[in-house]
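1. Mind looking at a prediction? Sequence and model below.
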Amino acid sequence: MRPTSLDNYIGLELELLCDEVDELKDYIRKNKLDTNFQVGSDNSISTEVAPHSILERIKEHRRRRDDFYGRGLYHSGGAEEKEMYKLQRQIKHKDQAELRVLIPEHNREHYFNELSKLFKSQNFYVNDSCGFHVHLDMRCRNKVKALELLFSNLDKLKKEVDPSRLTNKYCTLNKSKSVRSQLLSKNKYRAINTASLKEHGTIEVRLHEGTVDINKIKSWVDKLIKIVTPANLGKTG
(Lines give C-alpha, C1' and ligand atoms only; values in the text may rest on other atoms or scores of the structure.)
Protein backbone atom coordinates (compact mmCIF):
# COMPACT_ATOMS: atom_id res chain seq x y z
CA MET A 1 0.00 0.00 0.00
CA ARG A 2 1.25 3.45 -0.93
CA PRO A 3 -0.14 6.99 -0.40
CA THR A 4 -2.04 8.27 -3.43
CA SER A 5 -1.55 12.00 -2.76
CA LEU A 6 0.85 14.40 -1.05
CA ASP A 7 -1.44 14.65 1.98
CA ASN A 8 0.16 13.36 5.17
CA TYR A 9 -0.68 9.72 5.80
CA ILE A 10 -0.47 7.44 8.83
CA GLY A 11 0.53 3.80 8.67
CA LEU A 12 -0.67 1.52 11.47
CA GLU A 13 0.68 -1.95 12.22
CA LEU A 14 -1.52 -3.79 14.72
CA GLU A 15 -0.16 -7.13 15.89
CA LEU A 16 -3.05 -9.22 17.14
CA LEU A 17 -4.71 -12.62 17.43
CA CYS A 18 -8.12 -13.64 16.14
CA ASP A 19 -10.36 -16.70 15.90
CA GLU A 20 -10.11 -16.95 12.09
CA VAL A 21 -7.57 -15.00 10.05
CA ASP A 22 -9.32 -15.98 6.80
CA GLU A 23 -12.52 -14.48 8.17
CA LEU A 24 -10.62 -11.25 8.82
CA LYS A 25 -9.37 -11.19 5.22
CA ASP A 26 -12.90 -11.88 3.93
CA TYR A 27 -14.30 -9.03 6.00
CA ILE A 28 -11.81 -6.59 4.49
CA ARG A 29 -12.54 -7.81 0.96
CA LYS A 30 -16.35 -7.83 1.31
CA ASN A 31 -16.39 -4.33 2.81
CA LYS A 32 -14.07 -3.03 0.06
CA LEU A 33 -11.43 -1.91 2.54
CA ASP A 34 -8.49 -3.59 0.80
CA THR A 35 -7.14 -0.29 -0.57
CA ASN A 36 -6.39 0.80 3.00
CA PHE A 37 -6.42 -2.42 5.06
CA GLN A 38 -4.17 -5.46 4.58
CA VAL A 39 -3.44 -8.56 6.62
CA GLY A 40 0.10 -9.86 6.95
CA SER A 41 1.85 -12.14 9.42
CA ASP A 42 4.62 -11.71 11.97
CA ASN A 43 6.44 -14.70 13.40
CA SER A 44 7.34 -12.75 16.55
CA ILE A 45 3.70 -12.97 17.71
CA SER A 46 2.92 -15.74 20.18
CA THR A 47 -0.38 -17.50 19.49
CA GLU A 48 -1.08 -18.15 23.19
CA VAL A 49 -4.19 -16.61 24.74
CA ALA A 50 -5.00 -16.93 28.45
CA PRO A 51 -5.67 -14.69 31.44
CA HIS A 52 -2.62 -12.55 32.22
CA SER A 53 -2.15 -14.18 35.63
CA ILE A 54 -1.96 -17.65 34.04
CA LEU A 55 0.62 -16.54 31.47
CA GLU A 56 2.72 -14.94 34.21
CA ARG A 57 2.63 -18.14 36.27
CA ILE A 58 3.68 -20.17 33.23
CA LYS A 59 6.61 -17.80 32.61
CA GLU A 60 7.70 -18.24 36.22
CA HIS A 61 7.44 -22.05 35.96
CA ARG A 62 9.52 -22.01 32.77
CA ARG A 63 12.14 -19.84 34.45
CA ARG A 64 12.38 -22.21 37.43
CA ARG A 65 12.44 -25.27 35.14
CA ASP A 66 15.36 -23.85 33.17
CA ASP A 67 17.15 -23.04 36.42
CA PHE A 68 16.59 -26.56 37.76
CA TYR A 69 17.79 -28.10 34.49
CA GLY A 70 20.98 -26.05 34.67
CA ARG A 71 21.64 -27.25 38.22
CA GLY A 72 20.68 -30.86 37.49
CA LEU A 73 17.73 -30.74 39.88
CA TYR A 74 14.79 -31.15 37.48
CA HIS A 75 12.83 -34.42 37.81
CA SER A 76 10.38 -35.47 35.08
CA GLY A 77 6.92 -36.15 36.47
CA GLY A 78 7.54 -34.06 39.59
CA ALA A 79 5.21 -31.52 41.19
CA GLU A 80 6.56 -28.66 39.03
CA GLU A 81 5.80 -30.54 35.81
CA LYS A 82 2.30 -31.49 36.97
CA GLU A 83 1.51 -27.89 37.90
CA MET A 84 2.83 -26.70 34.53
CA TYR A 85 0.59 -29.21 32.73
CA LYS A 86 -2.49 -27.87 34.60
CA LEU A 87 -1.62 -24.30 33.66
CA GLN A 88 -0.94 -25.11 30.01
CA ARG A 89 -4.37 -26.72 29.66
CA GLN A 90 -5.85 -23.24 30.23
CA ILE A 91 -4.04 -21.79 27.22
CA LYS A 92 -5.84 -21.41 23.92
CA HIS A 93 -4.10 -20.90 20.59
CA LYS A 94 -5.44 -18.38 18.07
CA ASP A 95 -4.54 -17.24 14.56
CA GLN A 96 -1.91 -14.48 14.52
CA ALA A 97 -2.06 -11.53 12.17
CA GLU A 98 -0.50 -8.15 11.53
CA LEU A 99 -3.24 -5.76 10.47
CA ARG A 100 -1.79 -2.95 8.33
CA VAL A 101 -3.79 0.23 7.86
CA LEU A 102 -2.82 3.18 5.64
CA ILE A 103 -4.98 6.28 6.03
CA PRO A 104 -4.81 10.02 5.28
CA GLU A 105 -4.40 12.07 8.46
CA HIS A 106 -7.15 14.56 7.61
CA ASN A 107 -9.71 11.75 7.16
CA ARG A 108 -8.52 9.43 9.91
CA GLU A 109 -11.78 9.57 11.88
CA HIS A 110 -13.60 7.80 9.04
CA TYR A 111 -11.05 4.99 8.98
CA PHE A 112 -11.01 4.73 12.76
CA ASN A 113 -14.76 4.10 12.53
CA GLU A 114 -14.13 1.37 9.96
CA LEU A 115 -11.47 -0.15 12.21
CA SER A 116 -13.88 -0.08 15.14
CA LYS A 117 -16.47 -1.97 13.08
CA LEU A 118 -13.83 -4.48 12.00
CA PHE A 119 -12.95 -5.19 15.65
CA LYS A 120 -16.61 -6.10 16.22
CA SER A 121 -16.68 -8.59 13.32
CA GLN A 122 -15.12 -11.40 15.40
CA ASN A 123 -13.14 -11.95 18.59
CA PHE A 124 -9.73 -10.28 18.67
CA TYR A 125 -7.03 -10.64 21.33
CA VAL A 126 -3.57 -9.36 22.23
CA ASN A 127 -0.86 -10.72 24.49
CA ASP A 128 2.55 -9.49 25.67
CA SER A 129 4.16 -10.37 22.33
CA CYS A 130 1.92 -7.96 20.40
CA GLY A 131 2.86 -4.39 19.53
CA PHE A 132 1.13 -1.40 17.96
CA HIS A 133 3.37 0.57 15.60
CA VAL A 134 2.67 3.93 13.96
CA HIS A 135 4.39 5.18 10.80
CA LEU A 136 4.48 8.97 10.56
CA ASP A 137 4.69 10.31 7.00
CA MET A 138 7.83 12.39 6.39
CA ARG A 139 7.34 13.24 2.69
CA CYS A 140 5.98 16.70 3.54
CA ARG A 141 7.71 17.14 6.90
CA ASN A 142 11.15 18.22 8.02
CA LYS A 143 12.39 14.82 9.22
CA VAL A 144 15.15 16.31 11.38
CA LYS A 145 12.73 18.59 13.21
CA ALA A 146 10.17 15.77 13.52
CA LEU A 147 12.80 13.52 15.07
CA GLU A 148 13.89 16.24 17.49
CA LEU A 149 10.25 16.72 18.54
CA LEU A 150 9.74 12.98 19.09
CA PHE A 151 12.92 12.68 21.15
CA SER A 152 11.99 15.69 23.28
CA ASN A 153 8.65 13.97 24.05
CA LEU A 154 10.00 10.44 24.49
CA ASP A 155 9.97 10.51 28.29
CA LYS A 156 6.29 11.56 28.24
CA LEU A 157 5.45 8.86 25.69
CA LYS A 158 7.15 6.19 27.82
CA LYS A 159 4.73 6.97 30.64
CA GLU A 160 1.77 6.26 28.34
CA VAL A 161 2.67 2.63 27.54
CA ASP A 162 2.77 -0.64 29.42
CA PRO A 163 6.07 -0.96 31.39
CA SER A 164 6.83 -4.24 29.60
CA ARG A 165 7.42 -2.27 26.38
CA LEU A 166 10.38 -0.45 27.93
CA THR A 167 12.40 -3.69 28.01
CA ASN A 168 11.00 -5.32 24.86
CA LYS A 169 13.71 -6.35 22.38
CA TYR A 170 11.56 -5.32 19.41
CA CYS A 171 11.29 -1.68 20.55
CA THR A 172 14.47 -1.00 22.52
CA LEU A 173 14.80 2.54 23.80
CA ASN A 174 17.02 4.74 21.65
CA LYS A 175 20.40 5.00 23.39
CA SER A 176 21.29 8.27 21.73
CA LYS A 177 19.07 11.27 21.08
CA SER A 178 21.55 12.61 18.53
CA VAL A 179 19.52 13.16 15.37
CA ARG A 180 22.56 12.57 13.17
CA SER A 181 23.40 9.20 14.73
CA GLN A 182 19.76 8.09 14.68
CA LEU A 183 19.35 8.98 11.00
CA LEU A 184 22.32 6.72 10.25
CA SER A 185 20.93 3.83 12.30
CA LYS A 186 19.95 0.64 10.46
CA ASN A 187 18.36 -1.00 13.50
CA LYS A 188 14.60 -0.97 13.01
CA TYR A 189 13.83 -2.44 16.45
CA ARG A 190 13.99 0.91 18.20
CA ALA A 191 11.22 2.76 20.06
CA ILE A 192 11.66 5.49 17.45
CA ASN A 193 12.72 3.78 14.24
CA THR A 194 14.42 5.89 11.56
CA ALA A 195 15.45 2.93 9.42
CA SER A 196 11.94 3.06 7.93
CA LEU A 197 12.77 6.41 6.28
CA LYS A 198 14.67 4.70 3.49
CA GLU A 199 12.05 2.02 2.79
CA HIS A 200 8.80 3.84 3.54
CA GLY A 201 9.61 7.54 3.90
CA THR A 202 8.35 7.40 7.51
CA ILE A 203 9.53 7.58 11.09
CA GLU A 204 8.04 4.62 12.92
CA VAL A 205 7.09 4.75 16.60
CA ARG A 206 7.09 1.16 17.93
CA LEU A 207 6.64 1.93 21.62
CA HIS A 208 2.99 1.06 22.25
CA GLU A 209 1.80 -2.36 23.42
CA GLY A 210 -0.64 -4.33 21.30
CA THR A 211 -4.26 -3.21 21.62
CA VAL A 212 -7.66 -3.62 19.98
CA ASP A 213 -9.12 -0.75 21.99
CA ILE A 214 -10.11 1.82 19.37
CA ASN A 215 -10.04 4.68 21.89
CA LYS A 216 -6.44 3.88 22.87
CA ILE A 217 -5.49 3.68 19.18
CA LYS A 218 -7.08 7.04 18.39
CA SER A 219 -5.58 8.74 21.42
CA TRP A 220 -2.05 7.49 20.67
CA VAL A 221 -2.20 8.42 16.99
CA ASP A 222 -3.61 11.88 17.74
CA LYS A 223 -0.85 12.45 20.30
CA LEU A 224 1.91 11.51 17.83
CA ILE A 225 0.45 13.67 15.05
CA LYS A 226 0.25 16.63 17.43
CA ILE A 227 3.93 16.17 18.33
CA VAL A 228 5.20 16.21 14.72
CA THR A 229 2.77 18.78 13.26
CA PRO A 230 5.22 21.69 13.86
CA ALA A 231 7.56 19.91 11.40
CA ASN A 232 5.04 20.16 8.55
CA LEU A 233 6.26 21.82 5.37
CA GLY A 234 3.53 24.22 4.23
CA LYS A 235 -0.13 23.24 4.37
CA THR A 236 -0.66 19.48 4.36
CA GLY A 237 -3.34 17.16 5.70
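-> Thanks, I have the structure now.
2. quick one: low-confidence ranges for this protein?
-> Where the chain drops to pLDDT under 70, the residues are 51-52, 54-55, 58, 65-81, 84-90, 234-237.
3. helix, strand or coil for the residue nearest to the spatial centre of the chain?
-> Taking CA atoms, centre = their mean, the centroid of the chain lies closest to residue 132, which sits 2.0 Å from it. State at residue 132, reduced to three classes by DSSP: H, G, I helix; E, B strand; the rest coil: strand.
4. nearest spatial neighbour of it, skipping sequence neighbours?
-> For residue 132, ignoring the flanking residues on the chain, the nearest one in space by CB to CB, 6 or more residues apart in numbering is residue 208 at 4.2 Å. The C-beta positions use only the backbone N, C-alpha and C, and glycine is treated the same way.
5. correct me, but the one you found touches residue 165?
-> Yes - the pair residue 208 / residue 165 is scored as a contact, 6.9 Å apart, by CB atoms under 8 Å.
6. list the residues that contact both of these two?
-> By CB atoms under 8 Å, 6 or more residues apart in numbering, residue 208 and residue 165 have these common neighbours: residue 131.
7. Next up, the contacts around the residue nearest to the centre of the chain.
-> For residue 132, counting by CB under 8 Å, 6+ apart, the contacting residues are 12, 13, 14, 15, 208, 209, 210, 211, 217, 220.
8. between these, which is nearest residue 105?
-> Nearest to residue 105 among the contacts of residue 132 is residue 12, at 11.8 Å by CB to CB.
9. What helix or strand is the closest one located in?
-> Element membership for residue 12 (DSSP states H and E) is strand 9-18.
10. That strand pairs with which strands?
-> Strand 9-18 has its sheet partners listed here by DSSP bridges as strand 95-104 (antiparallel), strand 124-125 (antiparallel), strand 131-137 (antiparallel).
11. And it, how far out from the chain middle?
-> From the chain centre to the centre of strand 9-18 is a distance of 6 Å (CA atoms, centre = their mean, to the nearest Å).
12. Identify all contacting residues around the next helix or strand after that strand.
-> Counting by DSSP H and E, the next helix or strand C-terminal to strand 9-18 is helix 21-30. Helix 21-30 has contacts (CB under 8 Å, 6+ apart) with 18, 33-34, 37-39, 95-97, 99, 118, 121-122.
13. got a markdown table for those residues, with neighbour count and distance to residue 170 too?
-> Shown next, in a markdown table, are these (neighbours: other CB atoms under 10 Å; distance: CB to CB, whole Å):
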| residue | neighbour count | distance to residue 170 |
| --- | --- | --- |
| 18 | 21 | 20 |
| 33 | 17 | 27 |
| 34 | 13 | 27 |
| 37 | 24 | 23 |
| 38 | 15 | 20 |
| 39 | 17 | 20 |
| 95 | 18 | 20 |
| 96 | 21 | 14 |
| 97 | 21 | 17 |
| 99 | 23 | 17 |
| 118 | 20 | 24 |
| 121 | 15 | 27 |
| 122 | 13 | 26 |
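14. what's the closest of these to residue 149?
-> Taking CB to CB as the measure, residue 149 sits nearest to residue 99 out of these, at 27.2 Å.
15. In this structure residue 225 contacts residue 136, no?
-> Yes - under the criterion of CB under 8 Å, residue 225 makes contact with residue 136 at 7.5 Å.
16. Those two - which one has more neighbours?
-> Higher neighbour count among residue 225 and residue 136: residue 136, with 27 against 18, using other CB atoms under 10 Å.
17. tell me the domain boundaries of this structure?
-> With domains defined by automatic domain parsing, the chain comprises 9-38+99-231, 52-88.
18. Now render those domains as a markdown table, adding distance to residue 44.
-> Converted to a markdown table, those look like this (distance: least, CB to CB, whole Å):
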| stretch | distance to residue 44 |
| --- | --- |
| domain 9-38+99-231 | 6 |
| domain 52-88 | 16 |
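19. I'm done for today, thanks for sticking with me.
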